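> Below are the sequence and a predicted model; questions follow.
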Amino acid sequence: MDLLSVKKAPRPVKVVQYGEGNFLRAFADEMIDIANEKGVFDGGIVIVKPRPVFGQDKTDAFRTQNCNYTVLLRGNRQGKTVEEERIITSVQDIYRSTEDYEAYRALAGLDSLRVIISNTTEAGISYEPGDRLEDCPPKSFPGKLTKFLYERYQSVGGDRQKGVLILPTELIEQNGKKLYEYVKRYIESWGLSEEFLSWLEESCIFCNTLVDRIVSGYPKEEGKALAKRLGYDDPFLTVGEPFALWVIESEKETLSKVRALFPLDQAGLPVVFTDSLKAYQEQKVRVLNGAHTSMVLGAFLTGKNTVRECMEEDWIREYLKRVFLEVIPYVPQKKEQVEQFAREVIERFENPFLQHQLLSIALNSVSKWKARILPSLQDYVKDKRKLPDCLTFSFAALAAFYTPVLEKDGRLFGIRDGEPYEISDTGEVIDWLRDYLSPEKKESFLKDFAEHTAFWGEDLNAYEGFVSKAGRYYKTVLQNGAKSVMEQVRKD
């Protein structure tokens, strides 16, 4: 068998997708493939590579297998380990935005076009002052999109029925709103007509989205074994977890239109249409991301290196359950829904196929603690009039992990079991920490850390007993290790 011979139904191109990476191919393209199979969408995708090609170009290799490829979902679902593969046939073609510019440009005039999806990394939604309308194409993604939409407007003669739905999946808050603002900025700087702006505002819908699925890409170490198992070799195979969630936000007035243009929920897919994704955002940040941040720094200091290793320890699992008890009551969703999400988080952490490194999650932990943990701590204190044990410990673990011991080439290191690990954060954080290399300043480290308002937006000393409680945890971690504290706080 080969992927070129896989039967592929001819479908009208309804989706232009900026971004060829593993995430979109194992997330959006997989969902569209299922929706096609179930008869609720009937749309093909053309992928546009948004960046100029440097080095090895795999575009032609992807075409030689008719743009078909394999998605392998592996992990836990409802207590069972699953491995499911699907050959994706939803992609009709792939263009390089620069090298295949004329073919890419022609997509703007397609009568069948309904949806634009993007994943150009968080840095992709940005403004490039040097972009011009005459560029083929402009450098930035928002610049490319503005020109593409302008050419569509011209091609359809300003027909108000020929607008498109725009779904950015870049991992920034209000991604749709920010993309729209940059498009409007280009319209202004390029001197495009008021009529075009009017068409854009009345005919096109920019949605904020939240996406959630871990995609690890091609498993190099298993390539030969997978080829033997599948009966064919697929260099574009990509691996992801079974869990997925796609929340799409639009105003109440346009919600039904958005759902009609992109009816993936009718295929039973985990796609949610809402006029406010704030509650879903808070659920993900506080429960999933908050669980990561509250666990990984302390767990790393006990000798663990991956999330999977953590989940093999009953005392860490019990600690996480206690974290959820402190967080779940303050997530603005139905309690049953949040509890179900928390159970899914545990299953995802237990995924035997993923090796999620704790040091990777620990990157930039100061801003992560502020965004993921502090709001839950604030709500808990307001409600209970006392400090939460696990969330307070998480700050002590953060402080212990961030206590600098060595400096080399401007980089700071902590020590675990006699071995150095790098403390990776912003320049502002590293510069502040550098002062605490001196032994005489270490005694006040946790107190100073807590009251540094530039990090937290407030002085954490304002929470009665916080520095005292966190300080006790901190000293115990430094003297006896984090395990003893984590075992204790999950019992308190």
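It's in.
> which SS state does the closest residue to Glu30 other than its chain neighbours fall under?
Nearest-residue entry for Glu30: Val71, 4.9 Å, with adjacent residues in sequence omitted and distances by Cβ to Cβ, 6 or more residues apart in numbering. For glycine as for every other residue, the C-beta is placed from the backbone atoms N, C-alpha and C. Following DSSP: H, G, I helix; E, B strand; the rest coil, Val71 is assigned to strand.
> Would you mind confirming that Val71 makes contact with Glu85?
Yes. Using Cβ atoms under 8 Å, Val71 is in contact with Glu85, at 7.0 Å.
> So which of the two has more stuff around it?
Val71 (22 against 15; other Cβ atoms under 10 Å).
> beta partners for that one?
Under DSSP bridges, the beta-bridge partners of Val71 are Arg86, Thr238.
> tell me the contacts of it?
Contacts for Val71 were tallied using Cβ atoms under 8 Å, 6 or more residues apart in numbering; they are Arg25, Ala26, Glu30, Glu85, Arg86, Ile88, Leu237, Thr238, Val239, Gly240.
> For those residues, please prepare TSV with the additional fields pLDDT.
Putting the contacts of Val71 into TSV (pLDDT from 0 to 100) gives the following:
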residue	pLDDT
Arg25	97
Ala26	97
Glu30	98
Glu85	96
Arg86	97
Ile88	98
Leu237	97
Thr238	95
Val239	95
Gly240	95
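> Going through these, which ones are buried?
Neighbour counting by 16 or more other Cβ atoms under 10 Å classes Arg25, Ala26, Glu30, Ile88, Leu237, Thr238, Val239, Gly240 among these as buried.
> Packing partners of the helix or strand of the chain with the lowest mean pLDDT?
Sorting the helices and strands of the chain by mean pLDDT, DSSP states H and E puts helix 439-442 at the bottom, at a mean of 87. If you count contacts as 3 or more Cβ pairs under 8 Å, 6 or more residues apart in numbering; DSSP states H and E, helix 439-442 packs onto no helix or strand.
> Sketch out the helices for the stretch 101-250 of the chain, chain order is fine.
Applying DSSP state H, counting those that start in this stretch to the stretch 101-250 of the chain gives helices spanning 101-106, 141-155, 175-189, 194-203, 223-230.
> Out of the ones you listed, which is the most enclosed?
Ranked by mean neighbour count under mean count of other Cβ atoms under 10 Å, the helices of the stretch 101-250 of the chain are led by helix 141-155, which reaches a mean of 23.
> Now the residue nearest in space to the middle of the chain: phi and psi?
Residue closest to the average C-alpha location in the chain (Cα atoms, centre = their mean): Leu171, at 4.9 Å. Dihedral pair for Leu171: phi -80, psi 60, per degrees, to the nearest 10.
> same question, Trp315
The phi/psi pair for Trp315 (degrees, to the nearest 10) is phi -70, psi -30.
> what's it in contact with, if anything?
Contacts of Trp315 (Cβ under 8 Å, 6+ apart): Lys483, Met486, Glu487, Arg490.
> Look up phi and psi at the second one.
This points to Met486. Residue torsions, per degrees, to the nearest 10, at Met486 are phi -60, psi -40.
> helix, strand or coil for the residue nearest to it when sequence neighbours are not counted?
In space, and not counting its chain neighbours, Met486 is closest to Tyr319: 4.9 Å by Cβ to Cβ, 6+ apart. State at Tyr319, reduced to three classes by three-state DSSP: helix.
> residue contacts, the residue nearest to Tyr104 when sequence neighbours are not counted?
Spatial nearest neighbour of Tyr104, excluding adjacent residues (Cβ to Cβ, 6+ apart): Tyr95 at 4.4 Å. Taking Cβ under 8 Å, 6+ apart, we find Tyr95 in contact with Val46, Ile47, Val48, Lys49, Thr59, Ala103, Tyr104, Leu107.
> what two of the residues you listed have the greatest distance between them?
Thr59 and Leu107 (15.5 Å; Cβ to Cβ).
> Endpoint to endpoint, stretch 208-227 covers what distance?
Start-to-end span of stretch 208-227 (Cα to Cα, to the nearest Å) is 38 Å.
> same question, stretch 106-116
Stretch 106-116 end-to-end distance (Cα to Cα) = 14 Å.
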